[in-house]
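Engineer: Fold the following for me, if possible:
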Amino acid sequence: MIIVAALAILLPFLAAACGLLGSRFPRGLRGGAADVAAGRRAAWIAVVPTALSTALAAWLAYAGWTGAGPGEPFTPPGAAGPLGITGVTGTLDVIDTGSVPITVGLLVDGLSALIAVLVTVVALAVQIYSIGYLAGDRRYPSYSAFISLFTSAMLLVVYAADLLVLYVGWEIMGICSYLLIGHWWEERANSRAAVKAFLVTRLGDVGFLFGVFVLGTAAGSFKIADVIVKVPQMSSGTIVAATLLLLAGVVGKSAQVPLHVWLPDAMAGPTPISALIHAATMVAAGIFAVARLYPVFLGAGPTMDVLAVLAALGMLGAALAALAQDDLKRVLAYSTISQLAYMAGALAAGSESAAIFHLITHGAFKALLFLCAGAVIHAVGSNLMSAMGGLRRELPVTFVTMTIGFAALMGLPPASGFFSKDEVLVAIERALSAGPLTDAAALLLYGCALATVAVTGAYATRAWLRTFFGERSAGALPGPGPGTAHEVPAVMRWPIVVLAVPALFLGSVGVADVHWGTAALTVGLALLGAGVVYTMWRSDPSADPARVLGPLRAPCEQAFYADSLYTVLSVRPVLLLAQMVARADDRVVDGAVRGSGRATVRLAGLVRLAQNGNAQLYITGLLAGVLLLAVGAVIFG
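Structural biologist: Numbering: from 1, shown residues only. Predicted structure coming up:
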């Protein structure tokens, strides 16, 4: 199984290398037919290895869950007890560092098997979809190669048996996100969004790396299984310090408060990249890391309280921000922040299984929603919902599939989100009476979770109505007018149709565990939010239902001025400091160099006066010197 996992990781990596180096081989021609040929080769290089990696990940999951592979059958996440990992581990190499050794190894267990299938399926859908979405883009070969590298990095995180190996994949994803978000770097806003994503996530990754060092040093090993086994022997201070440092990286990667500000701006990248980042790679990595090290986090009560508070603020704040956005992709971006906060809340409440269940269903329906959004944008020519409307007749397939995605997002039966969100809310409800949280943190988390259900119903219904209902005004767009939009090509349409299946039916595996009282409450709250928005829209279909927010609309539209706050607290002081350093460099460092040069020139000018070749001046100077010596001898002699 370890060899199969290694192949699943290596295939996309080799595809990335071949795509970057071989798509234009052997002549490296550019332009016209050469670009078309390179794009065709790059598509095959990207899709085939990803499809093979998907098949291998699916086989690993099947073999593990049915017991067909070596060892005992996999157990569900969270079912292995407070300590230990049940699965198959293989060590490929051991690096002797002189202190704590580094083992290059892989781990295949129930958690990694589930997440690997999610990653590869979404990555394959994105690769196929991108063939049509970026048709004619001359940089498609590098784009598809970076997606392959992104996929390989996330699989390395998922299958890693050592914390430092996990960190390698963690950081490779960071550079891939920078390259892909800034794919259309000619526009300054896109390049700035890429830099912002890179810097904000790097800020959290510094804490994550130090947290890895603290755990590895305390356990005497960076192997995840060894770290978990050594948790009872660690002091509470060590565990709290390590988990808080790790949490910094998790918050950055999974775009949680306060390091969430990079994710909405990351919508500057191509829409398929948004689907990949939001559904299966970057943002999922943070939740996965907490789940992988969950026994460590369970030993740190203060860290779980911090996670609960951040999740509570993130889920409700991001949902309110989504309700006020006009850009369809930014609505989905803030939705991702909110849904990830649900997962973080479930982890804080003590239920790893509920968090992973929602992570998987969310990956399916959020990938579907982003690819459907890409189809809408492709047909209409704008991201803005104010430029949409009435598209259900022109885009029937997109309308049906995106409706399924919105139903899953709202948690309406029988869509997958209904079952996973029920598990999350039950876990949070149980934390009120028993769990790792203090009473205040549990109550805050529960209250925000229920409020977020209603707001989620509101913003999902608003986006659905404004996109597919009403009328689109003529002249609102530079692109096609009303009645002229059409469905996307088949290469883009089929990934959407395929993803609609798990988005609709994936949650049914948990139908036996539905808690019907909580489910009825959450469905009622979602329908309440949807009903309020529908009533506002029905009263005036041409107006934005976001007016229901009243005076809160402006703060929600600006995401409660988080970016402005960072500008005041961080950006401006850094720019001011940079200006002071530049001024000091110019006036002090460079000034000293320039001053020494001027002093040398002036001294040379004085010396030059005595060395001008005038014999009369030399004799005069000589006589003056003799006279001075004579006077001095008379006076002092």
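
Engineer: For this structure, which helix or strand comes out least confident on mean pLDDT?
Structural biologist: The helix or strand of the chain with the poorest confidence is strand 87-95; it has a mean of 79 (mean pLDDT, DSSP states H and E).

Engineer: which residues of the stretch 501-637 of the chain fall in helices?
Structural biologist: Taking DSSP state H, counting those that start in this stretch, the helices of the stretch 501-637 of the chain run over residues 516-539, 553-557, 562-566, 572-584, 590-610, 615-636.

Engineer: Tell me which of those sits nearest to residue 322.
Structural biologist: With CB to CB, the closest approach to residue 322 among the helices of the stretch 501-637 of the chain belongs to helix 553-557: 8.5 Å. C-beta coordinates here come from the backbone N, C-alpha and C atoms, glycine included.

Engineer: Buried residues in the closest one, which are they?
Structural biologist: 553, 556-557 (16 or more other CB atoms under 10 Å).

Engineer: Closest one to residue 347 out of those residues, please.
Structural biologist: Closest to residue 347, out of all of the buried residues of helix 553-557 and judged by CB to CB, is residue 556, at 26.5 Å.

Engineer: Please identify the nearest residue in space to that closest one, excluding sequence neighbours.
Structural biologist: residue 324 (3.8 Å; CB to CB, 6 or more residues apart in numbering).

Engineer: How many neighbouring residues does the one you found have?
Structural biologist: Neighbours of residue 324 under the rule other CB atoms under 10 Å: 24.

Engineer: do the same with residue 74
Structural biologist: Residue 74: 26 surrounding residues under other CB under 10 Å.

Engineer: for this structure, longest helix please?
Structural biologist: Longest helix in the chain, counting residues (DSSP state H): helix 33-66.

Engineer: how far does that helix sit from the chain's center?
Structural biologist: How far helix 33-66 lies from its chain's middle: 23 Å, per CA atoms, centre = their mean, to the nearest Å.

Engineer: relative to strand 87-95, how tilted is it?
Structural biologist: Using axes from the mean of the first three to the mean of the last three CA atoms, to 10 degrees, the inter-axis angle of helix 33-66 relative to strand 87-95 is 120 degrees.

Engineer: Ramachandran coordinates for residue 437?
Structural biologist: phi -100, psi 150 (degrees, to the nearest 10).

Engineer: mind checking how far it is from residue 341?
Structural biologist: Between residue 437 and residue 341 the computed distance is 15 Å (CB to CB, to the nearest Å).

Engineer: out of the two, which sits in the more crowded spot?
Structural biologist: residue 341 (31 against 25).

Engineer: Go ahead and confirm that one touches residue 256.
Structural biologist: Yes. Residue 341 lies in contact with residue 256 (CB atoms under 8 Å); the separation is 6.2 Å.

Engineer: So for the two, which residues contact both of them?
Structural biologist: Jointly contacting residue 341 and residue 256 under the rule CB atoms under 8 Å, 6 or more residues apart in numbering are 310-311, 314.

Engineer: Can you list which of those are found in strands?
Structural biologist: Taking DSSP state E, every one of the shared contacts of residue 341 and residue 256 sits outside strands.

Engineer: Can you lay out those residues as a markdown table showing pLDDT and distance to residue 360?
Structural biologist: Compiled in a markdown table, the shared contacts of residue 341 and residue 256 are given as follows (pLDDT from 0 to 100; distance: CB to CB, whole Å):
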| residue | pLDDT | distance to residue 360 |
| --- | --- | --- |
| 310 | 97 | 22 |
| 311 | 97 | 18 |
| 314 | 96 | 20 |
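
Engineer: ok, so of the residues you listed, who is nearest residue 133?
Structural biologist: Nearest member of those to residue 133, counting by CB to CB, is residue 314, at 29.7 Å.

Engineer: need the contact list for the closest one.
Structural biologist: Residue 314 makes contact with 256-257, 260, 337-338, 340-341, 344, according to CB under 8 Å, 6+ apart.

Engineer: Run a quick neighbour tally on residue 612.
Structural biologist: Residues lying near residue 612 (other CB under 10 Å) number 8.

Engineer: before we move on, what about residue 96?
Structural biologist: If you count neighbours by other CB under 10 Å, residue 96 ends up with 8.

Engineer: Also residue 570?
Structural biologist: Residue 570, neighbours per other CB under 10 Å, totals 11.

Engineer: Equivalent analysis for residue 569, please.
Structural biologist: If you count neighbours by other CB under 10 Å, residue 569 ends up with 10.

Engineer: Quickly note the distance from it to residue 264.
Structural biologist: For residue 569 relative to residue 264 (CB to CB), the value is 19 Å.

Engineer: cool, and residue 418?
Structural biologist: Residue 418 sits 26 Å away from residue 264, going by CB to CB.

Engineer: taking the mean pLDDT, what do you get for the host helix or strand of residue 399?
Structural biologist: For residue 399, the enclosing helix or strand under DSSP states H and E is helix 396-410. Mean pLDDT, helix 396-410: 96.

Engineer: And that helix, what does it pack against?
Structural biologist: Helices and strands touching helix 396-410, by 3 or more CB pairs under 8 Å, 6 or more residues apart in numbering; DSSP states H and E, are helix 352-380, helix 416-430, helix 439-468, helix 490-505.

Engineer: Rebuild the ones you listed as JSON lines, extending it with mean neighbour count, mean pLDDT and distance to residue 583.
Structural biologist: Formatted as JSON lines, those follow (neighbours: other CB atoms under 10 Å; pLDDT from 0 to 100; distance: least, CB to CB, whole Å):
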{"stretch": "helix 352-380", "mean neighbour count": "27", "mean pLDDT": "94", "distance to residue 583": "45"}
{"stretch": "helix 416-430", "mean neighbour count": "26", "mean pLDDT": "94", "distance to residue 583": "53"}
{"stretch": "helix 439-468", "mean neighbour count": "23", "mean pLDDT": "96", "distance to residue 583": "47"}
{"stretch": "helix 490-505", "mean neighbour count": "20", "mean pLDDT": "94", "distance to residue 583": "53"}
